[in-house]
Every structure is written in structure tokens, then in C-alpha cells.
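J.: turn this into a structure:
(2 chains)
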Amino acid sequence: MNLSLRAQERLRLTVIYICCAIVLIWALAPIYWVAVSSISTRQELYAAPYKIWFPTQPTLDSYRTIFTTGAKFRSGGFSPTAELMSSGLRNSAIISVGSSVIVTILATGAGYVFARMNFRGKNVIFLLIMLMLPLPIWVSLIALFFLMSQLELIDTLVGLILIFVTLLLPLSVWMMTTFVRDIPEEIQDAARVDGADRWRLVYSIILPLARPGMVAVFLVAMLWSWNNFLIPLIFSRSNDSQPLTIVLTLFIGQYEVAWEDMSAAAVVTMLPPFLMALFFQRYLVRGLTMGAVK
Amino acid sequence: MKPAHEGQRKVPPQRVGEGFREGLAQVFSADNRFIFIILLPIILLIALFIYYPAVDTFQTSLTNENLRIRRPPKFVGADNYVKLVEDDEFWEVTGRSFVVVGLTLPLELVVAFSIAMLLNQRFPGRGVMRTLTILPWMLPPVVNGFLWGWLLNGEYGALNGLLYQFGLIDEYQYWLRAPETQIFWVAVVQTWTRFAFPTIILLAGLQSIPDDLYDAAKVDGANALSGVRFITFPLLLPSFGIALVVEFIAAFQIFDVIWTLTAGGSAGGAINPFTKTLMLYNYELVFRDLRVGLGAAFSYIVLAMSLAVGLIFVLRVYNQGVHDK
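T.: Numbering: from 1, shown residues only, chains lettered A, B, ... in the order given. Okay, here's the model as predicted:
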């Protein structure tokens, strides 16, 4: 009896692990293949009909090519690949870090105000911010383009950061509001009795307690702005502001045959979100599902 | 303005004359200054970058603004809307978006439900499994389109290689050549990009169902399958509802994935008409053809459609939930 129970359990686990293998192939195969492509030699990569699933002579040549010598591409505005990649990396980093820092600061303040204070018009303002969440942004984007041209913010990092911060605000404010609401009220009441004004209260009491929430807001904002494609597609024109997501599509137009170099560029583009997803998934999932479940 | 701090609200009502100076003092009170300074940048950003342009776009939608033609835009009333509704391409594009949604949603929910059921089991390594399964969702969608484009490549693609090596095909196929299959693969890639979200939602739903219910059903002679049918599904209905609405919006507004998978418009070339969905068409109208007035009207029609369908979904799911109880 005992033995048969153990056998049953072993059978159950076997079935489960077979299912796991299928799911993992579905979820990871495309990622695996692009990684392999980026370190394969040309010959092995274009082997057909029998593909080489594990490169026998792994090489970093493709990475070297895109960061140093790569040719010029028409859709890349005649810039050498190396220049496109390095400016893309720089722009992506500045835009995502910049917007995330700003939005985290703004959202933390707003989160405190909405969670802990009462004032006339509070609900209306909150609603107007949240209304942006489910609606398509196209109705704003069209006129925003002409507004940004008037402000001379087209193709600038500042312009992109401002738009990203704005689009990130609803989710971030909402995350911080719920987070601050969960901080026990007694703690800050004690501080108020001690005569601390609001600024001091937020700085010395709320900030330390809200840090996990701020980290979540920051990470979600980083991921979202790094991955964004539509906004820079409309508001960027040159390597002054084009992030990696755009640079990658510039290669696609002209590279056609150089799949190994494009794979390397794709790996570089998805590496930061990939690592974030591995190490900070708890924060990210919490933030990202929250915005949708609202 | 009302006093900002709750503690101060218990002040007894003042007479009118006295109240004025009090009120003035309160408007400039420390708390109100605090609120003002904190919220001002947020309100400015949202007003300037979201609501003002939204109104402006609506006004533009009532004009014949076209940047290709040098003429001052003229007010044309609802002409753009009428023109769009009478245009065949508009209905083609709309229909195509609904095809993408119609293919993606069932595929996605089946995949998500199966994986959620799997992750709901107890087994060693479940945490790692969950982390790895969710990965595709975190990657840039524009990269996902590229990944799959390469995977499905007709000459050197990995899918061809795999199927060939297993003897399932005799020669390499051009998966992305025929228009119908293009749409199908768009749905597959969208599913791959998004399935993690409904999985998480359904998993959370599954974990909130108490085990006693299944035990009770077993005592009543129910097998595993009827347990799923009569316990899991009804109780998961709200989770399915959330997943459906969110994924509907995502698939309806699909853009990035198509851009790199099948649109072929990245080098400034024409956008492939066979996978031109609502958002790609909107982009083309405004930023390629520069028919700004028409594009503005189009964006408002899409807004109305998203709202309507979102509402229908929510109501139906809600009613169903009420009905089943």
C-alpha cells in the first residue's frame, strides 16, 4: 500500500515534469534560438536543412561587429552600426532611468497625498489620472506630436522622458497610493503629535516605510520605458534620441541576410529586461498585474 | 478649501464674517501648500500631454487637415467620420483587428489556463518554473516580433529545421508568405508575448479556491473532470473576465509585434496590407500619409470601439457570474 502510494506520487511528478518541459520549450525556445544565433558562426547558422542546435564553435564575432566595424545602413540614416548601437544603448539607459526616477518621486508624493490627506477635488483629480489607464493613447498622441514640435521637443531625450513620465503616472500613482494606505496610520500620527510638518513626516517616516513600493514603481517604470517602441517611433528621428528598440528595427530594413548580427542586437536589446525579469520578478509581477486588475 | 488634515475638521462651524479670514488662512495653510506643490507637476503633465492633446485631436478630427496639401485646414463637421465609415479599407482593417482578437483570445486563454493548472500543482521547482514561464511577457514586444520572424524564416528558420528533422515536413516552408497564415502567426506571437498575464491572473484565482470544495465533490462521487467543469470554471469566471478584458485591449491595440513580424514598414517602405490592423492603419494615416484630420477621426472611432467592447465584455462576464450563482 505504502509502495503503491509512492509509485503514484512518482507517476504524478513524472507527468508534471513532462508538462513542464513542454511549457518551457514553448516559453523559452525563441529566446534560446536568438541567443544561439548570436554566438554561432555564419556557416553553422545558415546550415540547412539540418540545423545546428548547439554551436560547436561559439563566437562573439557578431557582438564585435555591431559594436565596432558594422557597415552603414540606409534606414539607419547612414550611421555606422557601431554608432547606432552605442547611441541606442545610451539613449535607452538615459530615457528609462530618467523617467523612472522622476515618476517614482512624483508618484510617492502623490501616493501620500491621495492616501492620507483630504481636500476638495481629490476624487476628481484621482479619477482624471486613472482614466488614462484603459484608454488608447492615440487620441492624445496625434495632437501631442504637433505640440511637441512647437515646443521643439521632437527628437530630444527630454521630450521622450516627459512623455514617458506622463504615461507612467497613472499606474505609479495608483501603486503608491495603495502602498501608503497600507502603512499603519498610528506611526505617522505619533510623528504629528511630535510636531513634525508634512515634509519632514514624509521624508523621515513615510519614505523609509514606502521603500518596497517605490522599488516596485521604479522597476515597472524601467521595464516599461526600456521596452517601449511606439513613442520613440513617433517622437524620435535620429541617434540623438533613438533607443535600442528603434535601432533594432532600423537594422531589420537593411540587414536582411545578416541574421547573426541582428540576433546579437536583439540580445543586447532584451538583456536588461531579461535580467530584471529573472531577479526582480516578484516586484514586477505585482506592479504589472495591479495596473490591469484595477 | 476644506481644511486638509482630518483632525482639524471637527472645528465647529463659524459665522460668515469670521469664516472668510479663517478660510483664507486655510487656503494658504501648510497642508494645502504641501498638496499643491506635490500635485502641481502631475496635474500639469497630464493636462498638457494627455487631456489638452485629446481635445485638440478631436477638434482636428472635424477639419480636413492634410499636411501634404498646403492649405489652411477647414472645418468639415463630421465628414471625416462619415468618410471613414463609408470606406472599404476602414472595415477591412477593423475586421482584421477583430480576426486578430478572435484568434488570440481563445489561444491565449487555453494556453494560460493549462499553464495555470500546471503551476497550481505542488512539485519541487515550481518557483523556478513560474519565473521562467513568465519571461516572454517582460521582453520588448518589438523584439518578440523579430525573434519569431527569424524562427519562422523560410530559408534558415529554426521551426523549419525542427519539423524537417522530425520528418514532419519534406521541405522548408515559407510560413509568413500567405496572407492568412501571416494573421495566424501574428496571433501566435501575440499569444507568446502576453500569455503570462492571464496565467498569473488565473493562477491567483485557482489558488483562492479552497481544497475542501474538491474533497466534498469527490465524496459526492464527482471525478476530476467534472470537478473542473462544475467547481473550477464557475469560480474562475471573474478571473477569466479580467484576463479577457485586459487581453482584448492588448490584442485590439497590437502594434509592436506586427511591426517587426510582418509589417515590413521599418525601412520607410509601404506597410504590408495583409496584417494592417487598426493601430498600424492609424499610424499610416497620420504619420505616413499625413492625413491628420482623417487620422484624428479614426483614433476617436477606435477609442469608442475599445470602450464599447470593453463594456460589453465586463457586463456579460458579470451577468454570467451573477446568473450562475
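J.: might one say that B:L159 is in contact with B:W175?
T.: Yes: counting by CB atoms under 8 Å, B:L159 touches B:W175, with 6.8 Å between them. Where C-beta positions appear, they are placed from N, C-alpha and C, glycine not excepted.
J.: what's the overlap in contacts for these two?
T.: B:L152 (CB atoms under 8 Å, 6 or more residues apart in numbering or on different chains).
J.: wait, B:P73 sits on B:L294?
T.: No: counting by CB under 8 Å, B:P73 sits too far from B:L294 to count as a contact (11.6 Å).
J.: are we agreed that B:Q121 is in a helix?
T.: No: counting by DSSP: H, G, I helix; E, B strand; the rest coil, B:Q121 is not part of a helix but coil.
J.: give me the neighbour count for it.
T.: Residues near B:Q121, counting by other CB atoms under 10 Å in any protein chain shown, number 13.
J.: same question, the one 4 residues further on
T.: Look at B:G125: counted by other CB under 10 Å, it has 11 neighbours.
J.: please apply the same query to B:T94.
T.: Neighbours of B:T94 (other CB under 10 Å): 17.
J.: tell me if the helix or strand harbouring it is near chain A.
T.: Here B:T94, judged by DSSP states H and E, is contained in helix B:88-119. Yes: applying CB under 8 Å from any CB of the partner chain, one finds helix B:88-119 touching chain A at B:111, B:115, B:118.
J.: which residue is the nearest non-sequential neighbour of the first one?
T.: Looking back up the chat, that one is B:V111. Excluding the flanking residues, the one nearest B:V111 by CB to CB, 6 or more residues apart in numbering or on different chains is B:F195, at 4.8 Å.
J.: what about stretch A:125-138, near chain B?
T.: Yes: with CB under 8 Å from any CB as the criterion, chain B is reached by stretch A:125-138 at A:125, A:128-129, A:132, A:134-138.
J.: could I get the residues you listed as CSV with secondary structure, neighbour count and pLDDT?
T.: Putting the residues of stretch A:125-138 next to chain B into CSV (DSSP: H, G, I helix; E, B strand; the rest coil; neighbours: other CB atoms under 10 Å in any protein chain shown; pLDDT from 0 to 100) gives the following:
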residue, secondary structure, neighbour count, pLDDT
A:I125, helix, 20, 92
A:L128, helix, 16, 88
A:I129, helix, 24, 89
A:M132, coil, 19, 81
A:P134, coil, 16, 72
A:L135, coil, 16, 76
A:P136, coil, 20, 80
A:I137, coil, 21, 86
A:W138, helix, 26, 89
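J.: near chain B, which residues of the stretch 51-200 of chain A?
T.: A:51, A:74-75, A:106, A:109-110, A:112-113, A:117-120, A:125, A:128-129, A:132, A:134-147, A:162-163, A:165-166, A:169, A:173, A:197-199.
J.: inside helices: which ones of the residues you listed?
T.: If you go by DSSP state H, those have A:106, A:109-110, A:112-113, A:125, A:128-129, A:138-147, A:162-163, A:165-166, A:169, A:173, A:198-199 in helices.
J.: separate out the buried members of these.
T.: A:106, A:109-110, A:112-113, A:125, A:128-129, A:138-147, A:162-163, A:165-166, A:169, A:173, A:198 (16 or more other CB atoms under 10 Å in any protein chain shown).
J.: how's chain B carved up into domains?
T.: Domain assignment for chain B, taken from automatic domain parsing, gives B:6-61, B:79-324.
J.: least confident of those domains, on average?
T.: When those are compared by mean pLDDT, domain B:6-61 comes last with a mean of 78.
J.: quick one: contacts for A:Y63?
T.: A:38, A:264, A:268.
J.: low-confidence ranges, chain A, go.
T.: A:1-3, A:70-78, A:191-196, A:253-257, A:290-294 (pLDDT under 70).
J.: tell me the domain boundaries of it?
T.: A:2-59, A:63-293.
J.: deepest-packed of the ones you listed, please.
T.: For the domains of chain A, average neighbour numbers computed from mean count of other CB atoms under 10 Å in any protein chain shown are highest in domain A:63-293, which has a mean of 19.
J.: may I ask which of the residues of helix B:88-119 next to chain A has the most neighbours?
T.: B:I115 leads the residues of helix B:88-119 next to chain A on contacts (other CB under 10 Å) with 27 neighbours.
J.: show me the contacts for that one.
T.: By CB under 8 Å, 6+ apart, the neighbours of B:I115 are A:23, B:133, B:195, B:199.
J.: what's the closest of the residues you listed to A:V15?
T.: A:V23 (12.8 Å; CB to CB).
J.: hmm, B:T133 and that closest one touching each other?
T.: Yes: A:V23 is within contact range of B:T133, at 5.9 Å (criterion: CB under 8 Å).
J.: and A:V103, what is it in contact with?
T.: Contacts of A:V103 (CB under 8 Å, 6+ apart): A:164-165, A:168-169, A:172, A:217, A:221.
J.: just give the nearest non-adjacent residue to the residue positioned nearest the centre of chain B, would you?
T.: Centroid-nearest residue in chain B: B:A250, 2.1 Å away (criterion: CA atoms, centre = their mean). Distances taken as CB to CB, 6+ apart put B:R194 closest to B:A250, at 5.6 Å, once the chain neighbours are dropped.
J.: residue contacts, the one you found?
T.: B:104, B:108, B:137, B:247, B:250-251.
J.: what is the neighbour count of B:F36?
T.: 14.
J.: distance check, whichever residue of the stretch 1-150 of chain A sits closest to chain B against A:L45.
T.: Per CB to the nearest CB, A:K51 is where the stretch 1-150 of chain A lies closest to chain B, at 3.2 Å. Between A:K51 and A:L45 the computed distance is 9 Å (CB to CB, to the nearest Å).
J.: what sits against A:L153?
T.: A:L153 touches A:159, A:162, A:235, counting by CB under 8 Å, 6+ apart.
J.: and chain B, is the helix or strand hosting A:Q8 touching that?
T.: Using DSSP H and E, A:Q8 sits within helix A:2-39. Yes: counting by CB under 8 Å from any CB, chain B is contacted by helix A:2-39 at A:12-13, A:16-17, A:19-20, A:23-24, A:26-31, A:33-34, A:37.
J.: can you tell me the closest non-neighbouring residue to A:I231?
T.: In space, A:I231 is closest to A:I163, 5.6 Å off (CB to CB, 6+ apart).
J.: hmm, the one you found is touching A:P232, no?
T.: No: when contacts are counted by CB under 8 Å, A:I163 is not listed as touching A:P232 (9.4 Å).
J.: so how far is B:P140 from B:T131?
T.: Counting by CB to CB - B:T131 and B:P140 are separated by 19 Å.
J.: before we move on, what about A:L171?
T.: 18 Å.
J.: likewise B:A297?
T.: Taken as CB to CB, the span from B:A297 to B:P140 is 31 Å.
J.: go on, A:Q150?
T.: Computed as CB to CB, the A:Q150 to B:P140 distance reads 30 Å.
J.: now do B:Y51
T.: Distance from B:Y51 to B:P140, by CB to CB: 28 Å.
J.: more neighbours: which of the two?
T.: B:P140 (26 against 15).
J.: can you give me the helices for the stretch 151-300 of chain B?
T.: Per DSSP state H, counting those that start in this stretch, the stretch 151-300 of chain B carries helices over the ranges B:158-165, B:179-194, B:196-207, B:211-219, B:224-227, B:233-252, B:256-258, B:278-283, B:292-324.
J.: can you tell me which residues contact B:A217?
T.: Per CB under 8 Å, 6+ apart, neighbours of B:A217: B:226-227, B:230-231.
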